[in-house]
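Engineer: Structure for this input, please:
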Amino acid sequence: LAIIVQIFIFGDIPVETLDIPDRVEPTYKCCDETCQTYFPTDCPNQPAAFRTRSWFVSFADLNGKGWVPMMAAGPALMAFTLLFLDNGTTWHFFNQKSHKLSHGEAFS
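Structural biologist: Numbering: from 1, shown residues only. Just a heads-up that it's a prediction; the model follows:
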């Protein structure tokens, strides 16, 4: 409905439109087969992109930064521990015998 109103009533007003590609593919275009350079920024004299980057990321290619997975594991382990302990603590608080919680009519 909004498109019809825009076309017929506000046809003379320029409106930004979304450019949707014909097919779904990764948008990173490579200059060569190593896919370390971005087309067209890194290779302006090349007429077309060599290929698009694959959908899957190679975890073996860390670009010389082998310490990154080790440094990322620390915060991830702390977040997992915090969530695990928080869920366990909450469960024990609510399910204590002294609260005498029982399921209502709607819980079946």
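
Engineer: contacts and neighbour counts: CA atoms only from here.
Structural biologist: Fine.

Engineer: Can you list the residue ranges for strands in the protein?
Structural biologist: 29-30, 51-52 (DSSP state E).

Engineer: Who are the packing partners of the first one?
Structural biologist: When you say that, I think you mean strand 29-30. strand 51-52 (3 or more CA pairs under 8 Å, 6 or more residues apart in numbering; DSSP states H and E).

Engineer: Poorly predicted segments of the chain, please.
Structural biologist: Within the chain, the ranges that satisfy pLDDT under 70 run 107-108.

Engineer: which one of the strands of the chain is the most hemmed in?
Structural biologist: The highest mean neighbour count among the strands of the chain, using mean count of other CA atoms under 10 Å, belongs to strand 29-30: a mean of 20.

Engineer: Now do it: everything it contacts.
Structural biologist: If you take CA atoms under 8 Å, 6 or more residues apart in numbering as the criterion, strand 29-30 is touched by 35-39, 49-53.

Engineer: let's see 7 Å
Structural biologist: 37-39, 49-53 (CA atoms under 7 Å, 6 or more residues apart in numbering).

Engineer: got a markdown table for the strands of the chain, with distance to A72 too?
Structural biologist: Shown next, in a markdown table, are the strands of the chain (distance: least, CA to CA, whole Å):
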| stretch | distance to A72 |
| --- | --- |
| strand 29-30 | 28 |
| strand 51-52 | 28 |
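
Engineer: Show me the helices in the chain, by range?
Structural biologist: 2-8, 68-94 (DSSP state H).

Engineer: quick one: the longest one to chain centroid distance?
Structural biologist: What that stands for is helix 68-94. In this view, helix 68-94 has its centroid 22 Å away from the chain centroid, taken as CA atoms, centre = their mean, to the nearest Å.
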